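A.B. asks: coordinates only, sequence not included:
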Ligand SMILES: NC(=O)C1=CN([C@@H]2O[C@H](COP(=O)(O)OP(=O)(O)OC[C@H]3O[C@@H](n4cnc5c(N)ncnc54)[C@H](O)[C@@H]3O)[C@@H](O)[C@H]2O)C=CC1
Ligand SMILES: O=C(O)C(=O)Cc1ccc(O)cc1
């Protein structure tokens with residue numbers, strides 16, 4: 001059986017491993033520096049087999065995926081370059097930045113395979129293999145960043161595999177273009193969210209009403225500030241060039257609005273919000289999976305076939321609108337997990353109450 005190796009079995013590596021395992025015939029092997037992650041991944045059936053040795057994990061693999069923090073990926077490539085890899089193998093990664101790793105891989109003439117950078121544009125503020133799920137990338141964009149000299153057949157081979165496994169929408173982009181675009185729509189917003197949270201936490205230190213009143217819009221707006229600090233440190237350092245330019249533009253935009261407020265300039269302030277409203281309304285529809293849906297509930301269930309109907313009926317009877325329902329884990333010897341998606345937080349709360357009252361164990365993104 002052909003083999004794939006996933007190096008780093010956290011949220012993204014674990015989710016990718018699940019996709020490959022469920023929807024391709026590849027035998028999926030995993031390697032992680034954390035023994036606990038390997039143990040959990042094996043126990044949950046995320047991978048066919050775990051390894052504590054990098055060499056045995058990648059031996060004979062047709063596909064190798066690096067799913068480690070972006071600051072760690074170059075060192076992992078150094079180690080791969082020392083190992084005998086399967087002739088003709090494809091090495092890819094899932095890192096949030098692309099120029100640095102693509103340039104680094106290009107420097108390895110002795111790397112025993114073709115490197116093609118990759119970035120699935122879906123995830124969450126959670127991390128670790130416990131949060132992995134095979135539906136994570138469905139309908140999301142998945143960017144590949146081959147170089148002009150990368151053989152087209154290899155790009156198509158990887159793209160075909162990933163499309164089938166992840167059900168994502170594969171797109172191709174130049175690495176530096178990717179980094180500027182993703183810098184603007186993901187990296188800068190993470191900085192702004194963290195800065196807002198830090199600013200308000202400073203005020204709250206002397207008056208706790210700041211946090212008490214922050215339950216609504218502020219909480220939604222700053223959700224991503226709960227993301228993994230080390231992961232985001234690495235991303236900013238790796239995308240330094242683009243991020244510095246974007247921060248300059250951000251600071252100019254803040255200066256503009258500050259001046260307009262100071263001058264009491266009604267028209268300029270209104271125009272600031274009007275431009276934003278129009279641009280926001282012109283954004284493409286949020287499709288399932290493009291960003292992790294906000295209102296998700298998970299239900300532990302012992303017996304999948306009958307239980308989907310029971311849960312759906314129970315919620316239907318109570319008038320709770322269910323947008324989507326899916327099975328996240330389905331092994332005969334284990335309890336499964338149902339993933340329920342709602343359009344509003346209020347519906348999620350109602351569903352949580354009804355299901356708990358009926359004896360189901362439920363948990364959501366906050367648990
Ligand atoms: N979290 C997200 O929403 C998204 C993250 N990414 C990218 O995916 C990559 C992985 O992120 P997550 O899965 O979220 O992180 P994670 O923290 O859930 O998983 C990372 C895993 O890599 C392991 N690891 C660290 N150094 C290693 C090494 N040298 N060799 C083997 N394993 C090692 C860790 O033990 C951990 O299990 C990062 O490069 C990130 O930029 C991409 C898209 C979305
Ligand atoms: O939690 C969220 O909304 C995210 O922003 C997830 C995410 C994080 C990092 C990426 O490179 C891509 C997607």
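C.D. replies: That came through fine. Because the structure is predicted, anything quoted here is derived from the model rather than measured. Ligands and ions are numbered 1, 2, ... in the order given.
A.B. asks: When you work out contacts or count neighbours from here on, use the C-alpha atoms and nothing else.
C.D. replies: OK.
A.B. asks: Where does the prediction get shaky in this protein?
C.D. replies: Counting by pLDDT under 70, the ranges of the chain that qualify are 286-294, 302-305, 324, 326-336, 365-367.
A.B. asks: If we use 50, what do you get?
C.D. replies: Counting by pLDDT under 50, the chain contains low-confidence residues at 289-292, 329-334.
A.B. asks: Quick check: what element follows the lengthiest strand in it along the chain?
C.D. replies: Of all segments of type strand in the chain, defined using DSSP state E, the longest is strand 113-120. On the C-terminal side of strand 113-120, the nearest following helix or strand under DSSP states H and E is strand 141-145.
A.B. asks: any idea how far residue 37 is from residue 46?
C.D. replies: 10 Å (Cα to Cα, to the nearest Å).
A.B. asks: neighbour count winner among the two?
C.D. replies: The neighbour comparison of residue 37 against residue 46 (other Cα atoms under 10 Å) goes to residue 46, with 31 against 21.
A.B. asks: Which elements pack onto the longest strand of the chain?
C.D. replies: Based on contacts counted as 3 or more Cα pairs under 8 Å, 6 or more residues apart in numbering; DSSP states H and E, the elements that strand 113-120 packs against are strand 89-93, helix 99-106, strand 141-145.
A.B. asks: Any idea which of those gets closest to ligand 1?
C.D. replies: strand 89-93 (7.8 Å; Cα to the nearest ligand atom).
A.B. asks: Contacts only, for residue 39.
C.D. replies: For residue 39, the contacting residues are residue 50, by Cα atoms under 8 Å, 6 or more residues apart in numbering.
A.B. asks: Okay, buried residues for the helix or strand harbouring it please.
C.D. replies: Assignment of secondary structure by DSSP H and E places residue 39 within helix 35-43. Buried residues in helix 35-43, counting neighbours by 16 or more other Cα atoms under 10 Å, are found at 37-38, 40-42.
A.B. asks: ok now that helix, how far from the chain's centre?
C.D. replies: Helix 35-43 has its average C-alpha position 20 Å from the chain's average C-alpha position, going by Cα atoms, centre = their mean, to the nearest Å.
A.B. asks: right, and the helix or strand after that helix?
C.D. replies: Using DSSP H and E, the next helix or strand after helix 35-43 towards the C-terminus is strand 49-51.
A.B. asks: what comes into contact with the helix or strand following that following strand?
C.D. replies: Sequence order places helix 54-58 as the next helix or strand after strand 49-51, per DSSP H and E. Here helix 54-58 makes contact (Cα under 8 Å, 6+ apart) with 4-5, 29-31, 50-51, 64, 83, 85.
A.B. asks: Neighbour count and secondary structure added to these, as a markdown table?
C.D. replies: Below are the contacts of helix 54-58 laid out as a markdown table (neighbours: other Cα atoms under 10 Å; DSSP: H, G, I helix; E, B strand; the rest coil):
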| residue | neighbour count | secondary structure |
| --- | --- | --- |
| 4 | 28 | strand |
| 5 | 30 | strand |
| 29 | 26 | strand |
| 30 | 31 | strand |
| 31 | 28 | strand |
| 50 | 24 | strand |
| 51 | 20 | strand |
| 64 | 28 | strand |
| 83 | 16 | coil |
| 85 | 21 | coil |
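A.B. asks: Excluding residues flanking it in the chain, which one is nearest residue 139?
C.D. replies: Once its chain neighbours are removed from consideration, residue 139 has its nearest residue in residue 168; the separation is 4.6 Å (Cα to Cα, 6 or more residues apart in numbering).
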